[in-house]
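[1] Sharing a model that was predicted from the sequence below.
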Amino acid sequence: MAVNNVISLAINYINTMQINNPNASYSQLQTFLVTGKTGIILVFYLILLIILLTKTKIHVETSHMPLPKSGIMAVMVIMTVVSVLLTIAIAVRGIQIIDYAQVVNIAKYFLQYPLLYNLIQYIPLVLLIHGLATLYLISEFDGD
């Protein structure tokens, strides 16, 4: 979301520069930022994701879980995929993905795909379940 806002700030700054100096042409840079905004955000996200996956030391202990290790790994893979997709959605659409009215407006574009339409409508619930499940998995609840 921050990169999205920084690009918008840069576009506004370019508009101000163009007004202050009408002889200079910043149209190519402005066009690049406006048309490539989503791509820039996704590339920035991908770079940060690579850094996160290659340079961090995250360790999740699963020995206290009641499920077998293969079941926990399946849940973790699904949660990782959901996390990446939701993060991309938030990076591209900003806070619109959190506002339910905006989510319904976005879902309208997918009426011909009922499964995707329903999934998009339930994004706020998916965010809540994902966050709670993540807290459970990284916490050390031992049944107390």
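    Okay, I see it. Numbering: from 1, shown residues only.
[2] Show me the shaky parts of this protein.
    For the chain, applying pLDDT under 70 flags the ranges 1, 56-67, 95-98, 138-144.
[3] Report back the residue of it that's furthest from centre.
    For the chain, the residue at maximal distance from the C-alpha centroid (Cα atoms, centre = their mean) is Asn23, at 39.4 Å.
[4] Backbone dihedrals for that one, please?
    With angles defined as degrees, to the nearest 10, Asn23 sits at phi -70, psi -30.
[5] what about it, distance to Leu33?
    21 Å (Cβ to Cβ, to the nearest Å). Bear in mind the C-beta positions are built from the backbone N, C-alpha and C, glycine included.
[6] do Ile90 as well
    20 Å.
[7] same question, Val126
    Taking Cβ to Cβ, one finds Val126 at 31 Å from Leu33.
[8] Asp99 now?
    Asp99 is 25 Å from Leu33, by Cβ to Cβ.
[9] give me the element the residue positioned nearest the centre of the chain is part of.
    When Cα atoms, centre = their mean is applied to the chain, the residue found nearest the centroid is Thr87 (1.7 Å). For Thr87, the host element (DSSP states H and E) is helix 69-93.
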